[in-house]
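Asker: have a look at this fold, sequence not included:
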């Protein structure tokens, strides 16, 4: 089952991920909410749309903008709506 870990802590786990461009997008209900803080960061992808970010927090350590999601993706990326993907040292296996 795909699992996202940071600092030896599981922050998301699901057997219902969607893989896009090599990234596993986890359903919103599979993330451990206590490890996420809102972020004001946004970015734009030409085919997916506007991405929003979350900061990952484990044992007081913060990994700024290490999770991203598309709250309202473009139609070609509809399957990742509200799902979370990771980078910046978050290990997904």
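Answerer: Done, it's in. From a predicted model like this one, the values you see are computed outputs, not experimental measurements. Numbering: from 1, shown residues only.
Asker: quick one: pLDDT of residue 41?
Answerer: At residue 41, the model reports a pLDDT of 98.
Asker: thought it was touching residue 50?
Answerer: No: assessed by CB atoms under 8 Å, residue 41 is found out of contact with residue 50, at 11.1 Å. Quick note: C-beta positions are derived from backbone N, CA and C, even for glycine.
Asker: who does the strand or helix carrying residue 85 touch, helix- and strand-wise?
Answerer: Residue 85 is part of strand 84-86, with elements assigned from DSSP states H and E. In terms of contacts (3 or more CB pairs under 8 Å, 6 or more residues apart in numbering; DSSP states H and E), strand 84-86 is packed against strand 9-13, strand 23-25, strand 61-69.
Asker: quick one: distance of the following helix or strand past it to the chain centre.
Answerer: Using DSSP H and E, the helix or strand that follows strand 84-86 in sequence is strand 91-92. Mean-position distance between strand 91-92 and its chain equals 11 Å (CA atoms, centre = their mean, to the nearest Å).
Asker: contacting residues for residue 85?
Answerer: The contact partners of residue 85, by CB atoms under 8 Å, 6 or more residues apart in numbering, come to 20, 23-26, 67-69.
Asker: next: residue 38.
Answerer: Residues in contact with residue 38, defined by CB under 8 Å, 6+ apart, are 54-55.
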